[in-house]
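Trainee: could you work out the structure for the sequence below:
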Amino acid sequence: MYKRRILGIGAAILLLSMATLSAGRSDVADAAMNGNTAAVRTLLAQKADVNAPQADGATALHWAVYRGDREMADMLLRAGANAKAANREGATPLWLASVNGDATVIARDGVPGNRPEHRNAPHDAG
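Mentor: Sure, this is the predicted structure:
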């Protein structure tokens, strides 16, 4: 009985370790979380994945919008950040921007659906 419990705990630790390792790297999100614009710029220049999420699903753009860092948000959007990527709570950077009243991010032409040719365009109902 005691050996089974130890083996079970060991297996659980192994599975959690594997899940953490398979989650991938989120260097850009980590730098954005810390407000390190220079590191974000360097990572993007090195072609790091701008949309790589942290364990909770937060991306660099989530953090830039949360921090109200418009310069970083603009840099991330130009690099292809997905404004509609949801974290584990279902929050997207676009939603965070709307809650925070950040019109700069909401109205930015680079956000899908916000380009001038999409504004006032008839919507397909079916």
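Trainee: could you point out the helix or strand that follows the least confident helix or strand in the chain by mean pLDDT?
Mentor: When the helices and strands of the chain are scored by mean pLDDT, DSSP states H and E, helix 2-22 comes last with a mean of 53. Helices and strands here follow DSSP states H and E; after helix 2-22, the next one along the chain is helix 27-33.
Trainee: and the closest residue to Ala91 other than its chain neighbours, how many neighbours?
Mentor: Nearest non-adjacent residue to Ala91, counting by C-beta to C-beta, 6 or more residues apart in numbering: His62, 7.3 Å away. In this view, the C-beta of every residue, glycine as well, is placed from N, C-alpha and C. By other C-beta atoms under 10 Å, 28 other residues sit near His62.
Trainee: for His62, give its distance to Ala48.
Mentor: Computed with C-beta to C-beta, to the nearest Å, the distance linking His62 and Ala48 is 16 Å.
Trainee: and what of Thr92?
Mentor: From Thr92 over to Ala48 the distance is 21 Å, taken as C-beta to C-beta.
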